[in-house]
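> Fold the following.
(chains A, B and C)
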Amino acid sequence: MSQNKHLLSAADLSAEAAIEILDTAEGMSNVNEREIKKLPTLRGKTVVNLFFEDSTRTRISFELAAKRLSADVINFSAKGSSVSKGESLKDTAQTLEAMGADAVVIRHPASGAANVLAHSGWIGGSIVNAGDGTHEHPTQALLDAFTMRKRIHGSASTGKNLSGVKVAIVGDVLHSRVARSNLLLLNTLGAEVHFVAPPTLLPANPANWQAKLHYSLDETLKTEKPDVVMMLRVQGERMNASYFPSEREYSRIWGLNADRLALLKDTAILMHPGPMNRGLEIDAVAADSSKSTVLEQVANGVSVRMAVLFTLLSGERVSDAS
Amino acid sequence: MSSRTVLTSDDIDRAVTRIAHEILEANTALQKSGTANLVILGIPTRGVLLAERIAAAISKAEPEADVSQMLGRLDITMYRDDLASNPTRAITETSIPAQGIDDKVVVLVDDVLFSGRTIRAALDALNDFGRPRAVRLAVLVDRGHRELPIRADFVGKNLPTSREERIRVQLAEADGTNAVVIES
Amino acid sequence: MPANFILKSVSLPNGQIADIAITDDKISEIGLGLIGAEVIDCTGLVALPGLVDLHTHLREPGFEQSETIFTGSQAAALGGFTAVHAMANTMPVADTAGVVEQVAALGREAGYVDVYPIGAVTVGLNGTQLSEIGAMANSRAKVRVFSDDGKCVHDPVIMRRALEYVKAFGGVVAQHAQEPRLTEGAQMNEGRVSAELGLVGWPAVAEEAIIARDVLLAEHVGSRVHICHISTAGSVEIIRWAKARGIDVTAEVTPHHLLLTDELVRSYDSVYKVNPPLRTAEDVLAVRAALIDGTIDIIATDHAPHPIEAKDCEWNAAAFGMLGLETAASIAQEVLIESGKSSWQRVAEVLSHAPARIGADEEQGQELKVGSFANIAIIDPTAKRTIVAESASKSKNSPYIGLELPGRVMHTVYRGYFTVRDGLLASEGKKHD
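Residues are numbered from 1 along each chain as shown, chains lettered A, B, ... in the order given. Below you'll find the predicted structure:
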């Protein structure tokens, strides 16, 4: 088991470590179905949710995860501003350290913020990256992998990876931390990753990416027949920066509508990290279909985050060699 | 390192059968029926195998009783008091019989009783599942050296040992053979 | 009259061993067995004409928390420099005779190097209105180099007018080539690494497109143009093409673009955040080859000090820029000498003769010969030093901390005065009368 102190990137996890977290999450999901949804495991530990970006859903998910493990939770919401030149990050971090945080879950608009926090020497506890700019969101990738595994193997999921599973991720890949983390974790678990997007929303130089890139969603669904189709949220602001001409054109060509839902094979599942732009990247008929895993992803998020907190905060501390 | 066998396969079978009968006897005294409101929970990993053997022995003694409804397993990893000082452990499955444990007589089953901390964790775990009428403990081997005020109700064999010695319980379902061995 | 100092048995750039005699502020004799009031043994050391930096940010007036003309001059002296050109993006911007005269006066008062102020091309660096180039050229500061560095003169009409107008004053426009719309919000080189790190990319084409436009404009109006901090292989190709065509263009490269790549950004340590950004290994090889073959004319440091709070934060919030004055000579040695691919004469050319020529510095960058001003840098080429955080600069944002670099500046002679002696900074500068 990796005794890494932080979870900053999906690349931090070997296949063994990732599967161990997913298996632990299985056990956690059983706790979440009991009447008393509580374990004493992290009693006395303090977990701080340090959110510099609005995100009620992810914050609540982490809060619930920590509380179910009996940890104390502090919620710190700050709107990071570039004008303040990042003093907010350093000063805030040092204040939390003085209060004694065992783990800091950080969401920040700047890519690399979690890395800077982990290696700055300002904080002694474990850092969990809950989303840094357009860089990574490793717990999202873990809960996505958990969801895929569960749908494919059901109650026999324990110990399994995602070998041979074809995953198509569709949407604003260029600006998506969910896409980047999924790319890394899915490859680690043996899946085959495909990206589908207009050329403007793919990076100019994807040479280091282990994935196949496509422009046409229809072609991809017909020829690749993916087992998983993951729709990414598209932001309207991208239209104003001329990444695509209009929402209408985007949803006509890259939206998961009823016709495309029908192209999916019977066993395929449809995923979305949320929140959804119904009518833009995904239509209601698809979002509400039996193939859709959107609500499971939310429930699985709590179990996976419990597993991550348990893994980071229990067990012998190996000295941080970096 | 030297090892000596203290229980043979036959010894283990006899112990299991005796424990099964003792459980039935005690339960009759409490509830007027041997298997009424009885729940048997094995503590992974070998406690689970022993619980299955005890349940099979109970079934042989009381053929009308449906022991499959009584049998379960209780993983106590998340309730251990030594999580911070040992490498992180993986957790295994917990399954409680559908009837639950409220107002039941719960018999915890483990292979070796030593410091008592495992059983303390099991009692904490049970607390989060409900409120049993009573909790009993059945172990194959009691080797002494308790660190907490915990005792077994049903014991296969009392084996005084020194702290440095290691007791290994081998059960065919997991280890290919049946024996209890002391290594020093 | 006996000489004040004899630099004994020093190695000249052409490899010849000689004694250099310094009397007052000039080189009075070069030969063997010379006598003077004080003899300094320079056996095994290399003498270069005092280094001239065509691109430095001294931050004063307005940003004295990062650097002042005094501390910047000291850092320059430690680096073997005897002259620096101070960029105009101060506060107030150096776009009037008043500000440039003040900067020059402060440089004189400090007394460690000649400080030649650079004048802004546009008022307040706004890119829309030419500044009083004539007034600055005719002032006591005698400005010849004009630049909006920090920002690009992106409006093609303004750039054309500037290229035309400076001809009247013997001046040159030094362009910071960065197409602003293609680099909005850019944080690092656009490439393989930026795709992984999720940082907004700064594509090479944003630099190359401006250079291509400006060399053609310079040709069209018959003016000369200087391109600041070339960083890409594509930019090198364009400069090479332009020179082959006879266009009067000169180009500079920074020490960091000769050494460091965008792989360093993976740590998200903002000491590596700079504009133009660190590029790929292929780009580094291309600019090195161009420096050696003459396509790139000079090394200029783009010394850009920043206070700790501007760098001790997440990448997006950090300022762009790195220190460079105290390590430039070592990096030149690494690229030109240690590689075995060039010579000390080339070092002298790219760090002294050529920058002085481009900047029209009449009393700097001269050949080491009798009658020249005694501006000399003496380097121990065999020394190896591990770069530490402490420096004469007020700021600490050096990307080389912990690295081992070759060479050490032992003495710096500024107009006959030792600003650096045995590796130590003089406690005060030269008193000018």
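> going forward, measure contacts between C-alpha atoms and count neighbours the same way
Noted.
> Could I get the contacting residues of residue 58?
The chain I'm using is chain A. Counting by Cα atoms under 8 Å, 6 or more residues apart in numbering or on different chains, A:Thr58 makes contact with A:Ala130.
> Can you look at chain C instead?
Applying Cα under 8 Å, 6+ apart to C:Leu58 gives the contacts C:Glu67, C:Thr68, C:Ile69, C:Gly72, C:Ala86, C:Met87, C:Ala304, C:Pro305.
> ok, and it, which helix or strand is that part of?
Taking DSSP states H and E as the definition, C:Leu58 sits outside all helices and strands.
> Can you pull the phi/psi pair for it?
phi -90, psi -10 (degrees, to the nearest 10).
> ok, C:Val145 touching C:Gly119?
Yes - under the criterion of Cα atoms under 8 Å, C:Val145 makes contact with C:Gly119 at 6.5 Å.
> if we can go back for a sec, tabulate the contacts of C:Leu58 (CSV), appending neighbour count, distance to C:Leu260 and secondary structure.
Putting the contacts of C:Leu58 into CSV (neighbours: other Cα atoms under 10 Å in any protein chain shown; distance: Cα to Cα, whole Å; DSSP: H, G, I helix; E, B strand; the rest coil) gives the following:
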residue, neighbour count, distance to C:Leu260, secondary structure
C:Glu67, 25, 24, coil
C:Thr68, 22, 27, coil
C:Ile69, 26, 27, helix
C:Gly72, 31, 23, helix
C:Ala86, 30, 24, strand
C:Met87, 28, 23, coil
C:Ala304, 23, 16, coil
C:Pro305, 29, 18, coil
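> Can you pull out the low-pLDDT segments for chain A?
By pLDDT under 70, the weakly predicted segments of chain A are A:1-3, A:79-87, A:315-322.
> Kindly report the same for chain C.
Low-confidence segments of chain C (pLDDT under 70): C:1, C:433.
> so what's the residue of it found nearest chain A up against?
Distances from chain C to chain A, computed as Cα to the nearest Cα, single out C:Gly198 as the nearest residue at 4.2 Å. C:Gly198 makes contact with A:Ser111, A:Gly133, A:Thr134, A:His135, A:Glu136, A:Leu174, A:His175, A:Arg177 under the criterion Cα under 8 Å, 6+ apart.
> Need the phi and psi values for C:Leu106.
Dihedral angles (degrees, to the nearest 10) for C:Leu106: phi -60, psi -40.
> I figured it hits C:Ile69, correct?
Yes - here C:Leu106 reaches C:Ile69: they are 6.6 Å apart, a contact under Cα under 8 Å.
> Span of stretch C:355-374 from start to end?
17 Å (Cα to Cα, to the nearest Å).
> how much space between B:Val141 and chain C?
Distance, B:Val141 to chain C, using Cα to the nearest Cα, to the nearest Å: 55 Å.
> For that residue, give me its contacts.
B:Val141 sits next to B:Asp111, B:Val112, B:Leu113, B:Val155, B:Gly156, B:Lys157, B:Asn158, B:Leu159 when contact means Cα under 8 Å, 6+ apart.
> Which of those has the largest number of neighbours?
Note: the member of the contacts of B:Val141 with the most neighbours is B:Asp111, at 27 neighbours, neighbours being other Cα atoms under 10 Å in any protein chain shown.
> Each with direction, which strands does whichever strand or helix holds that one pair with?
Here B:Asp111 sits within strand B:105-113, counting by DSSP H and E. On the basis of DSSP bridges, the sheet neighbours of strand B:105-113 come out as strand B:38-42 (parallel), strand B:134-142 (parallel).
> moving C-terminal of the shortest one, what's the next helix or strand?
This means strand B:38-42. Past strand B:38-42, further along toward the C-terminus, the next helix or strand under DSSP H and E is helix B:46-61.
> Show me which residues of chain B sit near chain A.
Taking Cα under 8 Å from any Cα of the partner chain as the criterion, chain B approaches chain A at residues B:78-80, B:83-94, B:128-129.
> where's the helix or strand harbouring C:Val215 relative to the chain centroid, distance-wise?
Element membership of C:Val215 [criterion: DSSP H and E] is helix C:204-221. Distance of helix C:204-221 from the chain centroid (Cα atoms, centre = their mean, to the nearest Å) equals 22 Å.
> Show me what whatever helix or strand comes next after it is packed against.
Scanning the chain past helix C:204-221 towards its C-terminal end, the next helix or strand to appear is strand C:225-227 (assignment: DSSP H and E). Here strand C:225-227 touches strand C:172-175, helix C:204-221, strand C:249-253, going by 3 or more Cα pairs under 8 Å, 6 or more residues apart in numbering or on different chains; DSSP states H and E.
> Would you give the sheet partners of the next helix-or-strand element following the shortest one, along with the direction of each?
By that I understand strand C:172-175. Scanning the chain past strand C:172-175 towards its C-terminal end, the next helix or strand to appear is strand C:188-189 (assignment: DSSP H and E). Sheet pairing for strand C:188-189, assigned by DSSP bridges, gives strand C:201-202 (parallel).
> Can you give me the neighbour number for whichever residue of chain A sits closest to chain C?
Proximity to chain C, evaluated over chain A using Cα to the nearest Cα, is greatest for A:His135 at 4.2 Å. A count of nearby residues for A:His135, using other Cα under 10 Å, gives 29.
> so what's it up against?
Contacts for A:His135 were tallied using Cα under 8 Å, 6+ apart; they are A:Ser111, A:Gly112, A:Ser176, A:Arg177, A:Arg180, A:Ser181, C:Glu196, C:Leu197, C:Gly198, C:Leu199.
> 10 Å instead, please
Residues near A:His135 by Cα atoms under 10 Å, 6 or more residues apart in numbering or on different chains: A:8-9, A:109-114, A:174-181, C:194-199.
> What segments of the chain are helices?
Just going to use chain A. For chain A, the helices defined by DSSP state H cover A:15-31, A:56-68, A:87-99, A:113-119, A:138-153, A:177-188, A:217-224, A:237-240, A:247-254, A:258-263, A:284-287, A:294-313.
> if you could check chain C rather than the one you did, that'd help
Listed in chain order, the helices found in chain C under DSSP H are C:69-78, C:97-110, C:133-138, C:156-165, C:192-197, C:204-221, C:233-244, C:255-259, C:281-293, C:328-332, C:344-348, C:354-358.
> Find the closest residue to chain B in chain C.
C:Ser267 (28.4 Å).
> Now for that residue: which residues touch it?
By Cα under 10 Å, 6+ apart, the contact list for C:Ser267 reads A:Gly112, A:Asn115, A:Val116, A:His119, C:Leu197, C:Trp315.
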